[in-house]
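J.: Below: sequence and its predicted model.
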Amino acid sequence: MHTLKKPESPMSSYRWVICGMLFFATTINYLDRQVLSLTWKDFIVPEFHWTNNDYGNITALFSVFYAISMLFAGRLVDWMDTKKGYLLAIGVWSAGACMHAFCGIATSGITAGEWFVGFEEARAVIGTIGDIGMVVNVSVLLFIFARLILAVGEAGNFPAAIKATAEYFPKKDRAFSTSIFNAGATVGALAAPVSIPFIARLWGWEASFLIIGALGFVWMGFWVFIYRKPGEHPRVNAGELAYIRQDAGDQKEEDGPGRRLSFMECLGYKQTWAFALGKFMTDGVWWFFLFWTPAYLSSVYDMKSSDLSSQVAIFTLYAITLLSIIGGWLPTYFVDKKGMNPYAGRMKAMLIFAFFPLLALLAQPLGSVSYWFPVVIIGIAGAAHQAWSANIFSTVGDMFPRSAIATVTGIGGMAGGMSSFIINKSSGVLFDYAGQTEMVFMGFRGEEAGYFIIFSVCAVAYLIGWCIMKSLVPRYAPIVVS
């Protein structure tokens, strides 16, 4: 008598649930960053009288705080591990996001001694203060402090997310999974222009910080119950666990993470410097587009963030960046179909993406025809950046053991944050100078000339970054820790 063999259960796919959680965390992360960029020009400036340079200082210092915090956040995530590290990060940044809402009350309290007032009363008090310079200085300092708390928390997002990706996905799929959760940045940027100005117009700019900031606390409630290591999770069956651990050495790392690399040891590897310099050359481009595009449309085309045309333009711009998901799929194609190792496939894909930002050279010249040209071009450049970003993050998992992934990600994040500081600070100074002096450059005058200069820098950054990375690490060279 023959007994029928019970068929094996199909492979579970819980790793995509984790990827979904990383996606929502990144969406919230970018929503929190965007609140200020979409409210300062039309809602905050009338109250606090900021200039481009004031806003540039706030965004530039946020980048510095973020950069420095990335260095320690990565180390902290490796020490606390993924679950606890992510909870701490999003809890801190959500608190920092909500703190922005109380800067008006604090400004009225410091400058006029009126502390126990609501948001509307604070605006009325500030409007009666004759010393505008004091209002500007105090408000800028308070927003800088709120951005400090936001930056400290947000610095933990990518080290924790990249570490979680390395725990739940094999190397060949990491760029694709990273591109999916990294698309949360685009979705956050898409949701921001249609939600934040609406909230600010309806209930005041303070409400936009409070409502968006509270989303992080909701995410934390889900993360507590959803995340465990794949080897410990009851919803990850044997088939999925074998798929996750298919790379050589993954079983050993899962059973015991081994010795942790110190900061100095990490800095001794060319792979660390390739990642860090690649981030330094390119991260500032994305942050410039993120922080300055609403101001660009307002200054050059007189399109306020509360205008429907502006909201449609920004929505379209970031909708185009969703094409970046192709960037995560392309290395998998090179590995599966062309037989390349993960690093070679990634570098080939990154070279392709490095050419698309060159279109930014045409953004300002074609803008004289229609604002839709720079909107579409910036969208394409943004998609190329996000595709590049998914792959450059994945190079860390290709090269380093899991016990060092968050640390190295933090080092690269610090380099990227410093480039963001440089481009945001210099942009604010340049735009004010160009506007005040009616500077002429390549046929453009005033702020338009300033934007053309920055667009030109953004256009060539990726090719330079790729060449630096390729020269430092010309071929696949994973780090083995004894």
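T.: In hand now; what should we look at?
J.: Which stretches in the chain count as strands?
T.: Taking DSSP state E, the strands of the chain run over residues 440-441, 444-445.
J.: In its sheet, which strands sit next to the last one, and in what direction?
T.: Spelled out, it's strand 444-445. Applying DSSP bridges, strand 444-445 is found paired with strand 440-441 (antiparallel).
J.: how far does the partner strand sit from the chain's center?
T.: When distances are taken as C-alpha atoms, centre = their mean, to the nearest Å, strand 440-441 is centred 32 Å away from the chain's centroid.
J.: ok, back up a step: deepest-packed of the strands of the chain, please.
T.: Of all those, strand 444-445 has the most neighbours on average by mean count of other C-beta atoms under 10 Å, namely a mean of 17. For glycine as for every other residue, the C-beta is placed from the backbone atoms N, C-alpha and C.
J.: Now that strand: average pLDDT?
T.: The average pLDDT within strand 444-445 is 84.
J.: Run through the chain and note the low-pLDDT ranges.
T.: Low-confidence segments of the chain (pLDDT under 70): 1-9, 248-259, 305-306, 482.
J.: In it, which helix is the longest?
T.: Longest helix of the chain, by residue count under DSSP state H: helix 402-437.
J.: helices and strands around that helix, which ones?
T.: On a contact count with 3 or more C-beta pairs under 8 Å, 6 or more residues apart in numbering; DSSP states H and E, helix 402-437 meets helix 52-80, helix 157-168, helix 263-267, helix 270-301, helix 372-399, helix 447-472.
J.: 6 Å - rerun?
T.: If you count contacts as 3 or more C-beta pairs under 6 Å, 6 or more residues apart in numbering; DSSP states H and E, helix 402-437 packs onto helix 52-80, helix 157-168, helix 270-301, helix 372-399, helix 447-472.
J.: Just name the most buried of those helices.
T.: Neighbour counts (mean count of other C-beta under 10 Å) averaged over each of the helices and strands packed on helix 402-437 peak at helix 157-168, with a mean of 28.
J.: Would you quantify the distance from residue 406 to residue 91?
T.: Using C-beta to C-beta, to the nearest Å, residue 406 is found at 17 Å from residue 91.
J.: These two: which is more packed in?
T.: Per other C-beta atoms under 10 Å, whichever of residue 406 and residue 91 has more neighbours is residue 406, with 32 against 16.
J.: Let me see the contact set for that one.
T.: Applying C-beta atoms under 6 Å, 6 or more residues apart in numbering to residue 406 gives the contacts 74, 77-78, 159, 163.
J.: burial of residue 133, as a residue count?
T.: When neighbours are defined as other C-beta under 10 Å, residue 133 has 9 of them.
J.: tell me the contacts of it?
T.: Contacts of residue 133 by C-beta under 6 Å, 6+ apart: none found.
J.: How many residues are close by the closest residue to residue 87 other than its chain neighbours?
T.: The shortest distance from residue 87 to any non-neighbouring residue, by C-beta to C-beta, 6 or more residues apart in numbering, is to residue 220 (5.8 Å). Look at residue 220: counted by other C-beta under 10 Å, it has 16 neighbours.
J.: before we move on, back to that, any chance of the strands of the chain in TSV with distance to residue 302 as columns?
T.: TSV is the format used below for these (distance: least, C-beta to C-beta, whole Å):
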stretch	distance to residue 302
strand 440-441	21
strand 444-445	16
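J.: Among those, which comes closest to residue 419?
T.: strand 440-441 (22.3 Å; C-beta to C-beta).
J.: which residues touch that closest one?
T.: Under the contact criterion C-beta under 6 Å, 6+ apart, strand 440-441 has outside partners residue 449.
J.: how does it look with 7 Å?
T.: 449, 452-453 (C-beta atoms under 7 Å, 6 or more residues apart in numbering).
J.: ditto for stretch 208-217
T.: For stretch 208-217, using C-beta under 7 Å, 6+ apart, the contacting residues are 28, 31-32, 35, 39, 90, 93-94, 97-98, 100-101, 196, 199-200.
J.: Pull the most distant pair out of these.
T.: Greatest spatial distance in the contacts of stretch 208-217: 90 and 200, 23.2 Å, computed using C-beta to C-beta.
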